[in-house]
Every structure is written in structure tokens, then in C-alpha cells.
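>>> Build me a model:
(one chain, ligands or ions: 1)
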Amino acid sequence: MRESPFTSSPFVGEVEPIVESDAEIRAALAEAEVPPLLPALAYLTGDLSLLREGLRPDPLLLGMPQGGLTEDQLDEARALALEVLIRFRDGGCRAATTPSDADILKIMEFAVGGGSDMAPYLPLLEEELAVRGEDRRAPSWRKADVAPDVDFEVVIIGAGMSGLLAAHRLKQAGVRFVIYEKNDDVGGTWLENSYPGCRVDNPNHNYSYSFAQRHDWPLHFSTQNVLLDYFRRCADTFDLREHIRFESVVRSATWSEVDRRWTVQVQHADGRDEAIEANAVVSAVGQLNRPLFPDIEGRESFEGPSFHSARWDHTIDLRDKRVAVIGTGASAVQFIPEIAPNVGELLVFQRTPPWFGPTDNYHAAVEPGLRWLYAHVPSYSEWNRFYIFWKMGDGVLAGVRVDPDWEPKDHAVGLFNDMLRQLLTAYLDAEFADRPDLREKVLPTYPPGAKRLLRDNGVWADALKRENVELITDAIREITPTGVVTADGVAHDVDVIIYGTGFQASKFLTPMTVTGRDGVDLHEHWKGDARAYLGVTVPGFPNLFCLYGPNTNIVINGSIVYFSECGVRYVLGCLGLLLAGGHRALDVRKDVHDEFNQRVDAENALMAWGRSDVNSWYKNEHGHVAQNWPFTLLEYWQRTLAPDPDDYQLID
Ligand code: NAP
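Next comes the predicted model:
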């Protein structure tokens with residue numbers, strides 16, 4: 001059919017040839033996500049005249065439905081696309097040769113609406129899209145070639161999204177590894193969180209591995225079961241299960257300077273302890289999986305059932321019960337609308353209201369026409385991935401950055417941030433127009449971006465307006481055997497308490513004990529203030545690599561899969577450096593690490609989450625932003641392409 005395959009993913013077949021009628025194509029185009037469509041068609045045909053100036057999206061409106069394009073623009077773009085697809089079909093569905101870099105750059109510039117220097121993004125885009133079948137992030141070396149006689153084994157801790165990824169790459173490089181996973185299956189957070197309504201809040205076309213994209217996601221924002229299935233399929237497809245020891249908890253890892261190896265102490269399900277020697281340890285334990293229960297007086301005294309959102313107790317029948325939910329963060333706003341119609345009464349205890357980005361298709365199936373287009377228009381699904389990558393990442397970073405010329409105000413940190421605040425306020429105003437009492441309570445008073453921006457399609461207001469739901473904003477004073485007492489002295493008796501109170505995100509790598517050079521304990525070294533170089537390496541802890549480590553979290557919903565892919569490539573680069581150079585260990589230089597962290601801290605102070613005093617899990621007990629990456633996604637990619645040997649002490 002075509003000169004080259006248009007998919008690298010094991011999860012989708014080749015893009016199918018178009019045999020449908022003109023009318024059927026037109027019908028499908030009516031459901032198209034238009035902004036990435038013309039870029040895809042220009043890429044497919046090599047015809048850059050499709051990128052008409054009048055159809056270019058406004059970069060400031062990319063976050064709006066259809067990138068803010070007007071109905072007239074949408075009609076014109078669809079008509080143009082129809083002509084192209086009819087010609088493509090009638091010509092035997094033959095793609096033009098890959099456009100030149102200069103042309104791809106022009107296509108990218110059009111896709112993002114202009115106004116940004118896209119040249120540095122070109123190589124990133126080619127990797128991230130993997131349009132023509134290459135997995136460009138795969139390791140460029142194989143152990144059998146660079147160090148065939150060296151005995152080398154890696155322990156990976158965790159078989160969630162990052163651990164599976166690290167395993168896949170190590171397998172590609174031919175490096176021996178074993179994964180220890182505390183649960184009885186893969187999937188990490190997508191296995192543990194089974195609360196009603198749990199779903200990803202980043203569109204799936206972006207929240208998936210670049211080398212295992214799906215064009216046929218059933219929903220725009222998949223539910224937990226779909227994602228769990230995806231990661232299970234990844235484990236199967238990449239033959240990783242045989243390397244995983246399930247129900248095996250890593251208790252400690254201890255570095256031996258003499259042997260240049262880690263001893264990893266593992267406790268298996270049968271209670272058996274095992275000590276494993278490894279040349280390197282990759283921690284892929286995630287940030288958000290140790291439930292945080294609030295430190296509220298009397299919490300243990302409650303006599304009814306209570307549980308945390310990430311440990312949902314499905315045996316508790318909530319029907320007709322009086323239920324208290326503590327917290328209105330990302331998890332709670334997903335499960336509250338789900339349980340509200342099924343419980344007797346629901347008391348929602350809110351400390352800080354979240355901002356919501358209006359998202360009409362948050363719960364929607366991918367429209368049949370759009371699915372058809374993803375399946376039949378080569379590169380369209382991938383250009384959509386790029387469009388999401390941009391509009392939810394670097395394209396909106398300015399919206400959460402402190403503007404130095406902005407007269408300080410508590411509720412906004414700059415002009416763009418204030419514009420965003422107005423848009424989000426207008427949404428809440430509209431949603432709660434008929435309930436000024438609630439509107440007062442749900443309107444945040446801190447800058448958008450200072451806490452995680454959540455998504456909503458109207459279900460939040462619907463839930464809070466229900467007769468059986470009460471939103472309580474008085475502080476909680478204590479928990480008693482029968483319920484929750486607020487600061488105003490009111491005792492709210494309930495049958496069940498559900499904690500949507502988040503995770504111990506700042507306690508990186510806990511509760512493991514990690515002992516590095518000179519017997520230094522990692523947690524004593526960090527003193528509750530975790531830092532790492534590029535989120536990956538820590539001075540004094542040779543051959544220890546963290547994934548989703550300190551300062552690699554993203555605030556404005558980029559995809560953490562992207563960070564893991566960058567981090568894993570860097571780890572593989574480090575291992576390649578060791579093996580090819582005949583070294584046994586590497587330890588990041590303290591000055592390099594410190595200088596990097598100073599930059600990170602300085603930049604985080606210039607972001608909404610660093611500037612605002614509002615409480616958030618982005619700050620640790622020292623008030624330090626230990627979670628977030630403040631720079632562009634591009635910069636993380638650039639910095640993790642390959643380790644600079646000068647950043648490290650190489651140990652033989
Ligand atoms: P979270 O965002 O940290 O929310 C915790 C909630 O509990 C907040 O409303 C917090 O109030 C409240 N809270 C904590 N301690 C309290 C106390 N002592 N008294 C009263 N309220 C208290 O936790 P989460 O919702 O589980 O989400 C954590 C992160 O997981 C998210 O930010 C996101 O990165 C990830 N996540 C992602 C998804 C997704 O992609 N679909 C879904 C769920 C979670 P304050 O705001 O005042 O602290």
C-alpha cells in the first residue's frame with residue numbers, strides 16, 4: 001500500500017486504507033479534532049499549502065475546544081480535509097515521502113499556532129510521535145556489543161508505568177534485570193486506585209508510551225480498568241512478566257564500596273527474606289502511592305468503617321449510608337460525583353477548593369468518526385498526540401509563570417495567569433450561577449497552577465447541588481467515634497468516612513532504607529527534603545537511579561509517561577557509559593547536583609506553585625518545592641538525552 005508503515009506500536013495494526021465513500025468521509029470529518037488535522041494532512045501529502053493562514057489556531061486559545069477555531073474556520077478546514085482525503089483514497093492511499101525537516105518545522109509551527117521557536121522541538125517531536133515506525137528512544141547499544149564479558153544485573157523496584165518501561169529498555173539493551181513488585185500484578189497506581197470514577201486526567205493519546213501508542217483508545221480519558229489493561233498488555237507484549245517477582249517488598253538497599261554493588265533485601269509474600277546482589281538499582285516506586293491520612297485528632301477513634309481513596313474498600317455498601325468525604329483533590333472530585341447518587345447523605349469536607357479546567361469530553365467515548373480518522377489517516381493520531389503535548393505542556397507554561405512586571409496579587413502571578421484565572425472563574429460562575437452560596441465556597445482564592453488544575457464536565461456542580469450532598473468548609477476540629485466535629489462545634493455524625501487526602505508524596509523512596517557510600521542513610525541525608533540531579537541520581541549513592549524522583553512532577557497536565565521515558569533513557573545512558581567504559585559505578589558530583597538544584601529552586605520560586613502560599617503536596621515539610629519541574633518539557637528531554645561524563649565520578 002504505502003512506502004513505509006505508519007505505526008510503530010504493537011497495539012495498533014497498520015493504518016487502514018480508505019475505501020469509504022465521500023459522504024462517509026465527510027461524516028467522519030464532522031467529528032474530527034480539527035487543529036491537528038491539517039498538520040497531519042500536510043505531513044501525509046507534503047502539501048504545505050494546506051496550512052492556510054486563516055486556519056491557523058490562536059496560540060492563546062489552544063486549550064479551548066477545537067483550539068478556539070470558529071465554526072467558519074472549522075467548516076473550511078473540514079472541507080479542505082475532505083478534498084485531500086478523497087484524493088488520497090483515489091490515488092491508492094499513497095503517502096508522500098517524509099517531509100524535509102524544514103517542512104516539518106513549518107507544520108509544527110502551524111500546529112501550535114505560531115509565536116514559539118519550534119526548531120529545538122523537531123527531534124523531540126520525531127521521537128515522541130514515532131510516526132514512521134521507529135522507536136527512537138530505544139537504547140543505541142547492546143551489552144553484548146559493549147561489554148559482553150561483564151557480569152551486570154539491575155534491580156528495578158516497582159512494576160508500574162516507570163518500572164515496566166525501565167524493564168523494556170533494559171531488555172532491549174540485553175542487560176539482565178529483575179523487578180520486585182509489592183503487589184500481585186503490574187500497573188502500580190492503576191492497579192491500586194480502584195475508586196469509583198478513577199480515570200486519567202490527561203488525554204490518553206498523550207498518556208501512553210511513545211513506542212506503544214494506541215490509535216483506538218475507547219475514551220478520551222481512560223478509566224482505570226482501561227489503563228490497567230494497557231499496562232498489563234505492555235507487560236505481556238514486551239515479555240516482562242517472567243522478570244517480575246510479585247508480592248515481593250524491597251526493604252533495603254545497601255551499597256558496598258568494596259564490591260561496587262548493592263545488596264537489596266527483599267521480603268517475599270511467604271515471609272521469606274532474600275538478599276540480592278545488584279550492580280545498579282532503579283527505583284520506580286512512584287510518588288503517589290503511600291496514602292496520607294490526615295493528622296486529625298481522634299482519627300483512630302471512629303467506630304464505623306473508614307478507608308482511603310487509594311485503598312477503596314469495595315466490601316462496604318454505601319447505599320443509604322451517611323458518608324463523610326475528607327478532601328476535594330484530584331481523587332475526591334472523581335469519586336464524589338460517582339457515589340453521590342448512591343449514598344444516603346454525603347458530607348464533603350473541603351479545606352481548599354480546586355480550580356477546574358472545563359473539559360466537555362472528559363467522560364466521553366472517542367466519537368466514531370474521530371476513531372475512523374485515527375485508523376485511516378496516517379499520522380493523524382500522532383499529530384494529535386503532539387497537539388496535546390503542546391497545549392497541555394510547554395504551550396501553557398507562561399500561564400503559570402510569575403510575571404516580574406505584575407503588581408503582586410494573591411490570586412494571580414501574572415497577566416496570562418490572571419487571564420487563565422478569569423476563564424476558570426467564568427466557568428465556576430456559570431456552573432454555580434443558581435447557587436451563590438456554593439459559588440462562594442468553590443471559588444479558589446489562589447493563582448491557577450499553584451495546586452493541580454483538575455478537570456470537570458459539569459459533574460462537580462451537579463454533585464454538590466444534590467439534595468443529599470452538603471459541602472462543608474469549616475475546618476475539621478476532631479474525629480470522634482461517631483463522626484466529624486468542625487471548628488464551629490457542630491458534630492457531623494456519619495456511618496462511613498472516606499479519606500481523599502492524597503499521598504505522602506514528599507517521602508521519596510520510603511519506607512525503604514537506602515544506605516550509600518560511607519554508610520550514609522538516604523533519608524537522613526535528605527532530612528525530609530529530597531533532591532536529586534535531574535530527578536535521577538543522588539551524590540553518595542552510586543548506581544542508584546530514581547524514576548519520577550524529586551522535581552520531575554508536572555503541574556500543568558503534561559504526561560508523566562514522557563518524564564519517565566526521558567528518565568529511563570538517561571538511566572540507560574548511564575549504564576551504557578559504565579559498561580562501554582569498563583567502569584563499575586558512577587556517582588553524580590555534588591557540585592553538579594547542587595548547582596542544578598539551585599537552578600531548579602530559583603525557577604520554582606518563579607512559578608505559581610512556588611510563589612503562592614497555598615498549601616499543596618508540591619511542597620514538603622520545609623516548604624520547599626521538591627516535586628515539580630519548573631522548566632519546559634523540552635529542557636528535560638534535552639538534559640536527559642545522554643549523561644555528561646563530566647557530571648559524574650566514574651568509579652572503576
Ligand atoms: P490531593 O490532591 O493531595 O488532595 C488531598 C485533599 O485532601 C485536598 O483537598 C486536601 O486539602 C485534603 N486534605 C488533606 N489533609 C486534610 C486535612 N487534614 N483536613 C482537611 N482536608 C485535608 O490528593 P489526591 O486527590 O489523591 O491526588 C494526588 C495527586 O494524585 C494528584 O494531584 C494527581 O497528581 C494524582 N492523581 C491523578 C489522577 C488522575 O490523573 N486522574 C487522579 C487522582 C490523583 P488541601 O487542598 O487544603 O491540602
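>>> From now on I want contacts and neighbour counts done on CA atoms only, so please keep to that.
Noted.
>>> Quick check on residue 432: phi, psi?
Dihedral pair for residue 432: phi -110, psi 20, per degrees, to the nearest 10.
>>> Please apply the same query to residue 177.
For residue 177, the backbone dihedrals (degrees, to the nearest 10) come out as phi -150, psi 160.
>>> what's the nearest residue to it if we skip its chain neighbours?
The shortest distance from residue 177 to any non-neighbouring residue, by C-alpha to C-alpha, 6 or more residues apart in numbering, is to residue 154 (4.5 Å).
>>> do the same with residue 285
That would be residue 158: by C-alpha to C-alpha, 6+ apart, it lies 5.2 Å from residue 285.
>>> Quick check: buried residues in the helix or strand the residue nearest to residue 177 falls within?
Secondary-structure element containing residue 154, defined by DSSP states H and E: strand 153-157. By neighbour count on 16 or more other C-alpha atoms under 10 Å, the buried set for strand 153-157 is 153-157.
>>> so what's the nearest residue to residue 553 once chain neighbours are set aside up against?
Closest residue in space to residue 553, ignoring its immediate chain neighbours: residue 628 at 4.5 Å, by C-alpha to C-alpha, 6+ apart. With contact set as C-alpha atoms under 8 Å, 6 or more residues apart in numbering, residue 628 has these partners: 550-555, 604, 618.
>>> Report the contact partners of the residue lying closest to residue 37 once chain neighbours are set aside.
Nearest residue to residue 37, sequence neighbours excluded (C-alpha to C-alpha, 6+ apart): residue 380, at 6.2 Å. Contact analysis of residue 380 by C-alpha under 8 Å, 6+ apart lists 36-37, 40-41, 373-374.
>>> ok, those vs residue 30, which is closest?
residue 373 (10.5 Å; C-alpha to C-alpha).
>>> so which helix or strand takes in that closest one?
helix 368-376.
>>> any idea of the angle the helix ranked longest in the chain forms with strand 153-157?
The longest helix of the chain (DSSP state H) is helix 560-581. Calculated by axes from the mean of the first three to the mean of the last three C-alpha atoms, to 10 degrees, helix 560-581 forms an angle of 160 degrees with strand 153-157.
>>> Now the element after helix 560-581, going C-ward?
Using DSSP H and E, the helix or strand that follows helix 560-581 in sequence is strand 585-588.
>>> And the contacts of the helix or strand that that following strand is followed by?
Later in the chain than strand 585-588, the nearest helix or strand by DSSP H and E is helix 590-604. Contact with helix 590-604 is made by 531-534, 538-539, 551, 610-611, 625, 628-631, 647, as judged by C-alpha under 8 Å, 6+ apart.
>>> Next: stretch 633-649.
For stretch 633-649, contacts defined as C-alpha under 8 Å, 6+ apart pick out 120-121, 124, 393-394, 534, 563, 566-567, 569-570, 573-574, 577, 586-589, 592.
>>> Relative to the ligand, which residue of the stretch 1-150 of the chain is the closest?
Closest residue of the stretch 1-150 of the chain to the ligand, C-alpha to the nearest ligand atom: residue 63 (17.6 Å).
>>> Relative to residue 449, how far out is the closest residue to that residue other than its chain neighbours?
In this structure, residue 63 finds its nearest non-sequential neighbour in residue 391, 6.0 Å apart by C-alpha to C-alpha, 6+ apart. As judged by C-alpha to C-alpha, to the nearest Å, residue 391 and residue 449 stand 15 Å apart.
>>> Same check on residue 92?
For residue 92, the distance to residue 449 - C-alpha to C-alpha - is 48 Å.
>>> Compare these two (neighbour count), which wins?
residue 449 (26 against 13; other C-alpha atoms under 10 Å).
>>> I'd like to check which residues are in contact with the more buried one.
With the criterion set at C-alpha under 8 Å, 6+ apart, residue 449 makes contact with 400, 555-556, 608-609.
>>> now the residue nearest to residue 63: how far from residue 113?
The spacing between residue 391 and residue 113, counted by C-alpha to C-alpha, is 10 Å.
>>> Can you pull the residues that touch both of those two?
residue 62.
>>> For the stretch 301-450 of the chain, which segments count as helices?
Under the criterion DSSP state H, counting those that start in this stretch, the stretch 301-450 of the chain carries helices at the ranges 332-339, 368-376, 380-391, 415-431, 436-442.
>>> where's the residue most central in space within the chain relative to residue 607, distance?
In the chain, the centroid-proximal residue (C-alpha atoms, centre = their mean) is residue 560; its distance is 3.0 Å. From residue 560 over to residue 607 the distance is 19 Å, taken as C-alpha to C-alpha.
>>> Residue 97 too?
Taken as C-alpha to C-alpha, the span from residue 97 to residue 607 is 43 Å.
>>> Name the residue in those two with the higher neighbour count.
Between residue 97 and residue 607, counted using other C-alpha under 10 Å, residue 607 has the larger neighbour count: 24 against 13.
>>> which regions of the stretch 401-550 of the chain lie under the pLDDT threshold?
Counting by pLDDT under 70, the stretch 401-550 of the chain shows no low-confidence range.
>>> how about the residues of it near the ligand?
With C-alpha under 6 Å from any ligand atom as the criterion, the stretch 401-550 of the chain meets the ligand at residues 452, 500-502.
>>> If any of these are buried, put those into a PyMOL selection.
Those of those that count as buried under 16+ other C-alpha under 10 Å are selected in PyMOL with:
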select buried, resi 452+500+501+502
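>>> follow-up on the earlier one: among the contacts of helix 590-604, list the two that are farthest apart in space.
Greatest spatial distance in those: 611 and 647, 30.4 Å, computed using C-alpha to C-alpha.
>>> so which strand or helix has residue 102?
Residue 102 belongs to helix 101-111 when assigned by DSSP H and E.
>>> Tell me the secondary structure of residue 60, please.
Using DSSP: H, G, I helix; E, B strand; the rest coil, the structure places residue 60 in helix.
>>> Let me see the contact set for it.
Not one residue lies near residue 60 by C-alpha under 8 Å, 6+ apart.
>>> so what's it scoring on pLDDT?
Note on residue 60: pLDDT of 89.
>>> could you check the distance from it over to residue 67?
Here the criterion is C-alpha to C-alpha. By it, residue 60 lies 9 Å from residue 67.
>>> I'd like to know the average pLDDT value across stretch 218-238.
Computed over stretch 218-238, the average pLDDT equals 96.
>>> nope, stretch 616-635 is what I meant
For stretch 616-635, mean pLDDT is 94.
>>> hmm, it touching the ligand?
Yes. For stretch 616-635, a contact with the ligand is found by C-alpha under 6 Å from any ligand atom, at 616-617.
>>> between the host helix or strand of residue 40 and helix 101-111, how many degrees?
For residue 40, the host element (DSSP H and E) is helix 37-45. Interaxial angle of helix 37-45 relative to helix 101-111 (the same axes, to 10 degrees): 160 degrees.
>>> and after helix 37-45, which helix or strand comes next?
Toward the C-terminus from helix 37-45 - assigned by DSSP H and E - lies helix 71-90.
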